[in-house]
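Student: Structure for the following, please:
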Amino acid sequence: MLKKGERAPDFLLEGSDGKKHTLAEFRGKKLVLYFYPKDDTPGCTAEAKCLNSSIGEIRKIGAEVVGVSADNLDSHEKFRNKYGLGFLLLSDPEKKTIKEYEAYGSRGIFGEGTLRKTFVIDEKGKILGIFKKVDAARHDKEVLDFLNGRLSLE
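Tutor: Sure, this is the predicted structure:
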C-alpha cells in the first residue's frame, strides 16, 4: 500500500505530446499526478476542466498537473483539443502504472477499472499526499488547498 513519505513509483508512459515521460523528468517541482477512468466522460471531463481552470495557479505554486488513463493517444488528443486542456495526459493501455499506483479496482456497477485517485509528489519524487476520494467538480480547489497547506492528507 502506497503511503505518504514513500518514494512514488517510476513510470515510462507515452504522452499526448507524442513523447515518452518518466517521473524523473518532473524532479524539482511538485507533481499532481491524477488517475481517471476514461476520456470525455462526464466525471472525467468535469475533473479535467476544473484542474485546467486552475492550472495557472497550480503552476505558480511550482507544481505541474499530469493525467493518466488507459485511453490511447488518439483519444487523449481528441479530449485535450475538445476542452482546450493545457496539461499532459499519459496513456497506460496495459494499466501497469495505474496498478502500481493502486488506482485500479472495483468501480461498483461499472465493474473493474481505473479509479479516480490523485497523488501529489514532491520535488524529489516522494509522495506528499494521496486523494483517495476525489470530488471531480472541485478537485482543483482540493489540490490548491493541499498545495497551500490548508488541507492535510494521509
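
Student: who touches the helix or strand hosting Phe119?
Tutor: Secondary structure here is read from DSSP states H and E; on that basis Phe119 sits in strand 117-121. With contact meaning Cβ atoms under 8 Å, 6 or more residues apart in numbering, strand 117-121 is reached by 2, 8, 23, 26, 30-35, 63, 101-103, 127-132, 134, 139, 143, 146-147, 153. C-betas here are computed from N, CA, C, even on glycine.

Student: Weed out the non-buried ones from these.
Tutor: For the contacts of strand 117-121, a neighbour count by 16 or more other Cβ atoms under 10 Å gives the buried set as 8, 23, 26, 30-35, 63, 101-103, 127-131, 134, 139, 143, 146-147.

Student: In strands, which of those fall?
Tutor: 30-35, 63, 127-131 (DSSP state E).

Student: was I right about Met1 contacting Ile127?
Tutor: No: because the distance of 11.3 Å does not satisfy Cβ atoms under 8 Å, Met1 is recorded as not touching Ile127.

Student: neighbours around the residue nearest to Leu12 when sequence neighbours are not counted, how many?
Tutor: The shortest distance from Leu12 to any residue other than its chain neighbours is 5.4 Å, reached at Thr22 (Cβ to Cβ, 6 or more residues apart in numbering). Here the number of neighbours of Thr22 (other Cβ atoms under 10 Å) works out to 11.

Student: Run through the chain and note the low-pLDDT ranges.
Tutor: 154 (pLDDT under 70).

Student: ok, which stretches of it are helices?
Tutor: Assignment of helices within the chain using DSSP state H yields the ranges 42-53, 55-60, 73-83, 96-100, 139-147.

Student: and the third one, what does it pack onto?
Tutor: Read that as helix 73-83. Packing contacts for helix 73-83, counted by 3 or more Cβ pairs under 8 Å, 6 or more residues apart in numbering; DSSP states H and E, involve helix 42-53, strand 88-91.
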